[in-house]
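[1] Kindly generate the corresponding structure for this input.
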Amino acid sequence: MRKSYRILYQGGTGEITEKKSRFIANLKPVESEEEALAFIEETRKRYWDARHNCYAWIIGRGGEEKRLSDDGEPSQTAGKPMMDVLEGEKLVNLCAVVTRYFGGTLLGTGGLVRAYSKAVQEGLKNCTVLTAEPAVKLSVTTDYNGIGKIQYLLGQREITTLGTEYTDRVELTALVPDEALDKLQADITEVTGGRAGLLLSGEVYYGIFNKEVILFQDKKGRL
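    Predicted coordinates for the structure are as follows:
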């Protein structure tokens, strides 16, 4: 059974100050180790005069790849608390880099853990997070007598229509969440007296942003 997952649709930046030390968090969607490393290097160049650029990334719909770095901070005080925040939010396919400008006062291990955690949390406030839900594309072919009943069913259940073609018959493509598929197919068959043709045309993941449907595609072109 496919599961939903949470991603950054748009990255963001946040900053906090602790005892005159600045912690600047930058977060970006990434889908490969190469993208994550490029983002880390880009951030290091931008903040070339900073003492630390610590990072954490999670890649894969199931969070299969994870890596973190304290970048010179005491062990377990930067990368791990950053990772803990990302995992706590159940986010995948993203990289977080927190840049620290030392303010002259030592924070201690507890203070560092809190500061790096808080910086990532602040950065996430300025990101757009979406949940990618599993769905299928369902092609429905019917006559002109049946299309109104089908459109009514879809509207009742808030199911998105991706496209409609009108010829001697009507072919409609709907985006149907996995858990709604069996019931919808049965109901379409019932209201059309079995005269509608039903064809699954692909599995996808989708999210809603500003009331618009977004279909997600990975770097290999798979939805």
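[2] make it CA atoms for all contacts and neighbour counts henceforth
    Noted.
[3] secondary structure element for the closest residue in space to P74 that isn't next to it in sequence?
    Leaving out its chain neighbours, the residue that sits closest to P74 by Cα to Cα, 6 or more residues apart in numbering is T109, at 7.2 Å. T109 is part of helix 108-125 when elements are defined by DSSP states H and E.
[4] That helix packs against which elements?
    strand 12-18, strand 21-29, helix 79-88, strand 94-101 (3 or more Cα pairs under 8 Å, 6 or more residues apart in numbering; DSSP states H and E).
[5] So for it, mean pLDDT?
    For helix 108-125, mean pLDDT is 97.
[6] who's in contact with that helix?
    12-16, 18, 23-27, 74, 76-78, 81-82, 84-85, 96, 98 (Cα atoms under 8 Å, 6 or more residues apart in numbering).
[7] hmm, which of those residues are the buried ones?
    Taking 16 or more other Cα atoms under 10 Å as the criterion, what is buried in those is 12-16, 18, 23-27, 77-78, 81-82, 85, 96, 98.
[8] who's in contact with the helix or strand hosting Y9?
    Taking DSSP H and E as the definition, Y9 sits inside strand 5-10. The contact list for strand 5-10, computed with Cα under 8 Å, 6+ apart, reads 28-29, 61-62, 90-94, 127-133.
[9] can you rerun that using 7 Å?
    Strand 5-10 is contacted by residues 29, 61, 90-94, 127-133 when judged by Cα atoms under 7 Å, 6 or more residues apart in numbering.
[10] Cool, thanks, talk later.
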